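# got a sequence here, can you model it:
(3 chains)
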Amino acid sequence: MNNSAIPAVQAADPPTRRRLPRNASLIIGLVLTGIFLLVALASFFYLPSNPNVPDIRHRLLPAGAPGHWLGTDVLGRDIVAQLMVGARTSILVGAGGATLSLLFGTITGLAAAAAGKLTDETISRGADIMLSIPGMVTALVLAATLGSGALTTILALTAFFTPSFTRVIRSAAMGVLQEDFITAARLYGRGRIFVLARHVLPNIAGVMIVQFTLYFAAGILTEAGLSYLGVGVHRPSISWGMMLNEAQQQVGVSSPLAIWPGFAIVLLVLGLNLLGDGLRDVLDPKLSRRRG
Amino acid sequence: MSGANALEVHNLVVRHDMLTAVRGLSFALPVGGRMGLVGESGSGKTLTALALMGLLPMGWQADGSVLHDGVDLIRQSDRALAHRRGRTISMVFQDPLSSLDPVRRVGYQVSSVIRRHMKTSRREAERQTIELFRQMSLPRPEQLVRAYPHEISGGQRQRIMIAMALACYPQLIIADEPTTALDVTVQKQVLRLLNGAVEQRGCALLMITHDLPIIAAMCDTVAVMYAGRIVEMGPVGQVFRSPRHHYTRGLLESQPTMDNIALDGSSRLTSIPGMVPPLHSLPTGCAFHPRCAAATEKCVAEVPTLEGGTRRAACWHPVESMAEAAAS
Amino acid sequence: MTIYVLRKLAFFVGAVFVASVAIFLLIRGAGGNVAAVVLGKSATPEAINALAHVYGLDRPLPVQYADWISNMLRGDFGRSFRTNESVADLVTARLSISIPLSLSGLILGLLIAIPVGTYAARNVGTPSGAVLALVSQVGVAVPVFWAGILLSLLFGVRLGWLPTGGWTPWSQSVTEALRSLVLPVLSLGLIMAATLIRYVRSAVLDVMNQDYLRTALAVGMTRTQALLHVGLRNAALPLVTIIGLQIAELIGGTVIIETVFSLPGLSRMILANVAAREVIVVQSTVMIIIVFVITVNLLVDLLYGVLDPRVRATR
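Now for the predicted structure:
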């Protein structure tokens, strides 16, 4: 319950006109994410040199060496080329995990919201249980049983992001299902699936996009962590987390090799998080107010 | 001069960036007096109350002067103001459920106010709390002090809010729609208790509401607010019996009372055409002119002033009187 | 309250059961012939069968599961195939590193996040508030292992104040053990803080907009007093929930940080045993961790019940 006078002020502020230009998060997020997407795309067409072929004569070149902008690693492999392939891996694995968990989370979340109390209880408690299992440990077990690799990593991400999606989608869908126009559609004789597809999905699309972006970022962080531990992707795939591990193990932390991949991770994750926050302001004003 | 008044407001302005919600309010409330401040939502009455308490939400700013107990509240430091709140001036809010701390016992919430301002021992504060609960006709006060807000009824919660506001014998109590959130059946009881307690302590009351019968029952003067200004004020009987401002008249005529609902089902119940203007596009001149049947060019061009003695109306073409209007 | 506790206990039992079945099926079902993997390529079929028989791996899965669970309930977590050490001994030895590390990390995170987040909430819209928001936004994007690498670069290599890795057991030198924990705890705590600051900030902001905070001001508290007496007490409710959810996150961070600083903790043990295909060890250790997390969540739920009278009242 707020003062009666306050809403009048908000009405005075047309939300779209005020939000869009001031939304610095959105712009910075778009730019950062865009740069990394371009780099990842470019890596399919052009690389300064093969990032997996050792070149013993050019080991540990410093940054600025001819032909090797940021230098080379302990086996003489170009760092720029490795970073470019790393961007590709991060984005593919992060997006893959976020997409699959969005898909499963939407299915289970909608089912929980619309298919009756028993289904809801089962799915919600199931999600709670999965959330209380540490994701990193699950990933270790998965890597142990399925073998590590990009696909396993995506599966691991899916396993521990899905329950969060389920919860978010469920509560968003329940909010929409309580609206009067849904009741009207039901009274009009529309079936459950029709209502979900035609009325609920479009109304929670904003939430879905925002969550996708934020879990994309979380996926990249987790992939980097798993690859750092040696249970994520491995060569010929290249991951920034793996590069950091190699740098620390083989050269020591004072190596510039231990710096660049970290910057790449921070910038891309920051970009995606800013993008998510910015999109939230545009697509879902109610939520942004709560989160501040 | 200010010694005779519990509250003196001069030219109070409340604004937020470019928006001005309260546009030059002046009134005086004598010691022990009861004044009603009436208006629709959006008229600025709640912001007025919060400005008097120094509790405006973030971004809002008050100007003008608010004299109370020999000081200008607007020019007080945060600390000095905090020291006054709940002691010489206190407030009862609209929704008692959200206004009470959900995780602390109601007795503690009241007794901690007493301990804060009266510097009494814990035991003494608890004793006084039980006594206050008893005065508020709360059932089994010794047990009730141990209850949490969600465990008791809305009427009981609001009586506890009133007890909290009265605990330190303030000179002035501001009640903002104190019964709007309550069931109709308990509204009367809460008002009666508030009335009795205020009377017994000789404390002044500023009652903010959109409910005219409450003003009629509890106040001796009334100020009618529209779009951030007082458009009419005076003794309750006079204003309600023969309103001078067309807005006041409209308000009175849109009240459903047993009188204007005829038994044959026909009704004289009317409503004011149009809506309260939003703050960012207030009309020029008299803010009420777009909704007023008597409006002329002058009303569009010039702001009518609120002048006169105890009975004042800010209107270029005041209503002559109910009797004459009915006759013509 | 009784019903609330019973409901939470039922959830606890259910969660442990579901998790144990999942872990068991994942490891046993997807892992292939365990005995063959353990013995390696050169093993004869007879040897494989013999090993499988000794460890009961040739029995039906439900029987093996029941056996595993009932042994665990009696405190027997199984033994390593190779060294025959008991899992219980292996785990307890490692906990003297993992538990101090993760708990101190969490506590440090909270010690930073609560004041900073509260300050950020009070300064929304000001330059200092914006800077704090940016710093925590960047902090959230920093992978915990990179934080560890940077800290060991600064304090270990450049300044030489603290070890960049390795471990001296408590029994040898408490000071040395503490010194080797400083950087790991700092990395973990800083990264936890970055996430927690955002939650604290929004919890406090939420409380600041509540009517009861206005009431606290209306009865004579200053803004600071109201925030401390009424605000933090109410903001504690969402925070307790968040901390519960962050426990899983904390374990993940601990796993990684132990690797960064070469601490022989629980997670290094799991990693080594994953590589060595020590199925029983991995299975039981993972289960112990999961039970720990679920237990912490149960305690958090019960604490929530104590803190919030509205939950307590649900009969």
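# got phi/psi on the residue nearest the centre of chain B?
What sits nearest the mean C-alpha location of chain B, by CA atoms, centre = their mean, is residue B:208, with 1.7 Å. Phi and psi for residue B:208, reported as degrees, to the nearest 10, are phi -110, psi 120.
# how about it: which residues does it bridge to?
residue B:37, residue B:176 (DSSP bridges).
# how close does it get to residue B:179?
As judged by CB to CB, to the nearest Å, residue B:208 and residue B:179 stand 11 Å apart. Quick note: C-beta positions are derived from backbone N, CA and C, even for glycine.
# ok, now residue B:301?
For residue B:301 relative to residue B:179 (CB to CB), the value is 40 Å.
# residue C:309 too?
For residue C:309, the distance to residue B:179 - CB to CB - is 26 Å.
# can you check residue C:185 too?
Taking CB to CB, one finds residue C:185 at 56 Å from residue B:179.
# same deal with residue B:6?
22 Å.
# outside of stretch A:31-46, which residues touch it?
A:83-85, A:87-88, A:90-92, A:264, A:267-268, A:270-272, A:274-275 (CB atoms under 8 Å, 6 or more residues apart in numbering or on different chains).
# ugh, wrong one, stretch A:129-138
Residues contacting stretch A:129-138 (CB under 8 Å, 6+ apart): A:156, A:159-160, A:162-164, A:167, A:222, A:225-226, C:14-15, C:18-19, C:22, C:245, C:247-249, C:251-252, C:255-256, C:267, C:270, C:286, C:289-290, C:293-294, C:297.
# ok, back up a step: which neighbours do residue B:208 and residue B:179 share?
Contacts common to residue B:208 and residue B:179, judged by CB under 8 Å, 6+ apart, are absent.
# what does the stretch 51-200 of chain C put close to chain B?
residue C:125 (CB under 8 Å from any CB of the partner chain).
# show me where the stretch 51-200 of chain C has helices.
Along the stretch 51-200 of chain C, the segments classed as helices by DSSP state H, counting those that start in this stretch run C:61-73, C:87-122, C:127-141, C:144-151, C:174-208.
# and the pLDDT for the closest residue to chain A within the stretch 51-200 of chain B?
The nearest approach of the stretch 51-200 of chain B to chain A comes at residue B:95, 4.1 Å away (CB to the nearest CB). pLDDT for residue B:95: 88.
# list phi and psi for it.
phi -110, psi 100.
# for residue B:236, see how far away residue B:272 is.
Relative to residue B:236, residue B:272 is positioned 21 Å away (CB to CB).
# what helix or strand is the most centrally placed residue in chain C on?
Closest to where the C-alpha atoms of chain C average out (CA atoms, centre = their mean) is residue C:251, at 2.8 Å. Here residue C:251 is covered by helix C:232-260, with elements defined by DSSP states H and E.
# which element follows that helix toward the C-terminus?
Helix C:232-260 is succeeded, C-terminally, by helix C:266-275 (DSSP H and E).
# quick one: mean pLDDT for that next one?
Averaging pLDDT along helix C:266-275 gives 81.
# shaky segments in the stretch 51-200 of chain A?
A:144 (pLDDT under 70).
# tell me the secondary structure at residue B:64.
strand (DSSP: H, G, I helix; E, B strand; the rest coil).
# can you point me to the longest helix in chain A?
Selection of the longest helix in chain A by residue count, based on DSSP state H, yields helix A:79-114.
# give the buried residues for it.
Neighbour-count burial for helix A:79-114 flags A:79-102, A:104-106, A:108-114 (criterion: 16 or more other CB atoms under 10 Å in any protein chain shown).
# check stretch C:51-63 too.
Result for stretch C:51-63 [16+ other CB under 10 Å]: buried residues C:51, C:52, C:55, C:57.
# flag every residue of the stretch 1-150 of chain B that's near chain C.
B:53, B:55, B:58, B:78-79, B:82-87, B:90-91, B:93, B:95, B:98-104, B:113, B:116-117, B:148, B:150.
# selecting buried members of those residues in ChimeraX, what would you type?
In ChimeraX syntax, the buried subset of the residues of the stretch 1-150 of chain B next to chain C is picked out as below (16+ other CB under 10 Å):
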select /B:53,55,82,83,84,85,86,87,90,91,93,95,98,99,100,101,102,103,104,113,116,117,148
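# in chain C, what residue comes closest to chain A?
For chain C, CB to the nearest CB, closest residue to chain A: residue C:252, 3.3 Å.
# what score does that residue have for pLDDT?
87.
# pretty sure it is touching residue A:226, no?
No - using CB atoms under 8 Å, residue C:252 is not in contact with residue A:226, being 9.8 Å away.
# which one's more surrounded, the two?
residue A:226 (30 against 24; other CB atoms under 10 Å in any protein chain shown).
# any bit of the helix or strand where the more buried one lies sitting next to chain C?
Under the criterion of DSSP H and E, residue A:226 resides in helix A:201-229. Yes - counting by CB under 8 Å from any CB, contacts between helix A:201-229 and chain C involve A:217, A:221, A:222, A:224, A:225, A:228, A:229.
# ranges for the helices of the chain?
Here I'm looking at chain A. Under DSSP H, chain A gives helices at A:6-12, A:15-22, A:24-45, A:79-114, A:117-131, A:135-146, A:150-177, A:180-187, A:192-195, A:201-229, A:240-250, A:260-283, A:285-291.
# should've been chain B
Under DSSP H, chain B gives helices at B:45-53, B:78-84, B:96-99, B:106-118, B:122-135, B:141-144, B:154-166, B:184-201, B:212-218, B:236-241, B:246-253, B:297-301, B:322-327.
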